[in-house]
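K.L.:
Fold the following and give me the result.
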Amino acid sequence: MNIGIISRNVGIALICNAIFMLLSAAVSAVYGFDSAFSPLLLSSLITFLFGIFPLIFVRRGNDINIREGIAILILAWLLSCIFGMLPYILWGGEFSVVNAWFESTSGITTTGATILNDIEALPHGLLFWRSSSHYIGGLGVVVFMMMILPSFGSVRFKMSKMEMSDISKDNYHYVSDKFVRVVVTVYVGLTVTAIAALVLAGMPLFDAVNHAFSVCATGGFSTKNLSIAAYDSVLIESILMTYMILASLHFGLIYASFATRSFKVFQNPVTQFYLGTILVSSVAVGLNIWAGGVVQGFGQAMRVSFFEVISTISTTGFAIADTNGWPIFSTLILLAVAIQCGCSGSTTSGLRSDRVLIINKAAKAQITKLAHPSAVVQIRSGKSIIDIELLSSVSIYVIMYFLMTFLFALIYSFFGFDLLETLGVSVSMMSNVGPAFGSVGTMANFADVAPLAKWIMGIQMIIGRLGIYSALMIVTLFSRRH
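P.N.:
Okay, here's the model as predicted:
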């Protein structure tokens, strides 16, 4: 394995982080050189130096094998989280080392959980860095890195598939050379239009930029202590719900829809299943909290339920209500959609709707086969047949997801959480949702969580964001003897 090639390409990822830190310092300068200016400028310089060093002293290599590609993927994420701590540590305030680790990892992995008791006390530059860390992680530091690499060879496409797992045969098929252009075009396009829509809806420009970064990355960091509830605007909530859904759909399908001026994205069976899940879950939760008297008025109940369900299933984590007082029925639905999440090829994590749909189809096929033993039953996703290899891969992934979620839940049970909090935190970290339930619910934070638990949660966030296969593949590859 070529350490030089790995260090050069991880260095490029760090330079991407340094650029956003510098942009955040520029924001500090615009707002009167606030207290975050020096920490951000120094952090940018340190990160840039560590990133540029291997580019200067390590000879460039052209061929990257899959083991090196995976190493680049893992190290780019991990070091981005570590260097992302610098602005927080240097600024101080509530940011101890462990809190800086939690906030940085939560940002880069687009989880959106926070340790801050008073978000609005942060200077503009640091608020912008929080949102920028979402933006970097939303599409993946590796994708940002590939944008400026002249050639990644065949590994480029393999790494892109790790970054945005494409398991639906009906998804938009793109070649490796087009991958970066497709996802970046959609990502930037969504961001620009989201900023414009939020400004027109009455949100201040600074807040609009930060929330657009968060929503397009399905991250969830807000500039307000009360999150989106602070604006109390149906129009702003509607815009954010629209973009939460768009950012959780397959970017290739969105690109294809605009390129062909068609509704291709909505003709995809995974998209239909995902939107159907949102509709059914939101109506069920709305009726439950309305009938239970938790929310007064049918319209208000539907407003709150649709926003919270979409925010959860898209892994964004914005909030307009405290869900701690909701009936257990609604809480379990939120837990279920937090496990499923959005579509592959998007900025979401979790099991993803593609895998859940395939498992549902497989279960239906098995029941049909039991009822009609001599029948030849095929599992289809749209016009494509799901082969045994894909079904096996999906089944193993689902089993591993639940196994790892349970194992982390066992660990969290030693830190004073009750049963619902324990399960909620583990699912939230694994699916990068952000808020959980109880003491770490939608209107709370993780400030009082034990330091050791915060370190562990950060690790689980990274595993969840990379995907279980990507995170574990490096262990198997590096354990082999050649």
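
K.L.:
Tell me which stretches of the stretch 201-350 of the chain form strands.
P.N.:
Remark: no strands are assigned in the stretch 201-350 of the chain by DSSP state E, counting those that start in this stretch.

K.L.:
pLDDT below threshold where in this structure?
P.N.:
1, 61-63, 66, 141-177, 179, 382-383, 471, 473-482 (pLDDT under 70).

K.L.:
domain ranges for it?
P.N.:
Annotated domains of the chain cover 1-165+467-482, 268-449 [automatic domain parsing].

K.L.:
Ser392 - how many residues pack around it?
P.N.:
If you count neighbours by other CB atoms under 10 Å, Ser392 ends up with 10. Glycine gets a C-beta too; all of them are placed from N, C-alpha and C.

K.L.:
what sits up against the helix or strand hosting it?
P.N.:
Take DSSP states H and E as the rule and Ser392 turns out to sit in helix 388-412. Outside helix 388-412, the residues that touch it by CB atoms under 8 Å, 6 or more residues apart in numbering are 167, 169, 339, 350-351, 355, 358-359, 362, 379, 421-423, 425-427, 429-430, 453, 456, 460, 463, 468-469, 472.

K.L.:
List buried residues within those.
P.N.:
Neighbour-count burial (16 or more other CB atoms under 10 Å) applied to these gives 167, 169, 339, 350-351, 355, 358-359, 362, 379, 421-423, 425-427, 429-430, 453, 456, 460, 463, 468.

K.L.:
So which of those residues belong to strands?
P.N.:
Using DSSP state E, the subset of these located in strands is empty.

K.L.:
For the residue nearest to Arg352 when sequence neighbours are not counted, grab phi and psi.
P.N.:
Closest residue to Arg352 apart from its sequence neighbours, by CB to CB, 6 or more residues apart in numbering: Ser344 at 5.0 Å. Per-residue torsions, Ser344: phi -70, psi 160 (degrees, to the nearest 10).

K.L.:
wait, isn't Ser344 in contact with Phe251?
P.N.:
No: the criterion here is CB atoms under 8 Å, and Ser344 misses it with Phe251 at 9.9 Å.

K.L.:
neighbour count winner among those two?
P.N.:
When Ser344 and Phe251 are compared for neighbours, Phe251 comes out ahead with 29 against 23, by other CB under 10 Å.

K.L.:
Could you measure from that one over to Ser262?
P.N.:
16 Å (CB to CB, to the nearest Å).

K.L.:
contacting residues around Thr242?
P.N.:
So Thr242 contacts nothing (CB under 8 Å, 6+ apart).

K.L.:
again, only this time at 10 Å
P.N.:
By CB atoms under 10 Å, 6 or more residues apart in numbering, the contact set of Thr242 is Thr193, Ala194, Ala197, Val215, Ile310.

K.L.:
Give me the neighbour count for the last one.
P.N.:
I take that to be Ile310. Counted with other CB under 10 Å, the neighbours of Ile310 add up to 23.

K.L.:
which ones are touching it?
P.N.:
By CB under 10 Å, 6+ apart, the contact list for Ile310 reads 237, 240-245, 248, 278, 281-282, 316, 318, 337.

K.L.:
Not counting its neighbours along the chain, what's nearest Ser353?
P.N.:
That would be Tyr274: by CB to CB, 6+ apart, it lies 4.2 Å from Ser353.

K.L.:
I'd assumed Val309 was in contact with the one you found.
P.N.:
No: with contact defined as CB atoms under 10 Å, Tyr274 does not reach Val309; the gap is 11.9 Å.

K.L.:
What separation do you get for the residue nearest to Ser353 and Asn117?
P.N.:
35 Å.

K.L.:
Of these two, which one has the most company?
P.N.:
A direct count of neighbours by other CB under 10 Å for Tyr274 and Asn117 places Tyr274 higher, at 28 against 12.

K.L.:
Thanks a lot, see you next time.
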